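Undergrad: sequence below, structure please.
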Amino acid sequence: MTREIKFRAWYKSEMLENVAVINGLLAIEENPKNACDGITDKDGRWYYSNWAYYKTKPDATLMQFTGLKDKKGKEIYEKMEIDNKFIVDFQNGSYILRNISNNDIIYFHDYIKQNEKLPEITREYSEI
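TA: Take a look at the predicted model:
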């Protein structure tokens, strides 16, 4: 079974969709009017073709798609809050849910098995 690999990012107070990681940089898809074939410096951004490159900063949080959807069919990404009590995280090669109140962890697939239902996204982005 394969899953779609895709990312989004939380940057300051904005959710950025359709992002990628290219050569270690967070890249946000854009179509600037003056796009060129080479890299140029404009307003603190580096442009290459139709991609605008941003340096990864501590305040930009990259969120990878888990391959799972919640009970409403919405895609679940890392750093989302689930069922008002867990944050989705990635640890040792597996997606986990980190309990907000006590920091305990449970593997995502174990949580779904135990509850016999899909979780619900309760917040788009959250940090413990």
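
Undergrad: residues contacting Ile82?
TA: Listed by C-beta atoms under 8 Å, 6 or more residues apart in numbering, the contact set of Ile82 reads 70, 76, 88, 97, 119-122. Using the backbone N, CA and C atoms, a C-beta is placed for each residue, glycine as well.

Undergrad: where does the residue nearest to Tyr11 when sequence neighbours are not counted land on pLDDT?
TA: In this structure, Tyr11 finds its nearest non-sequential neighbour in Ala60, 4.6 Å apart by C-beta to C-beta, 6 or more residues apart in numbering. pLDDT recorded at Ala60 is 76.

Undergrad: just checking, Ala60 touches Ser13?
TA: No - using C-beta atoms under 8 Å, Ala60 is not in contact with Ser13, being 11.8 Å away.

Undergrad: looking at these two, which one has more neighbours?
TA: With neighbours defined as other C-beta atoms under 10 Å, Ala60 and Ser13 compare such that Ala60 has more, 17 against 6.

Undergrad: please parse the protein into its domains.
TA: Domain ranges of the chain: 7-54, 65-123, per automatic domain parsing.

Undergrad: first vs last residue of the longest one, how far apart are they?
TA: End-to-end distance of domain 65-123: 15 Å, with C-alpha to C-alpha, to the nearest Å as the criterion.

Undergrad: ok, now stretch 98-118?
TA: 16 Å.
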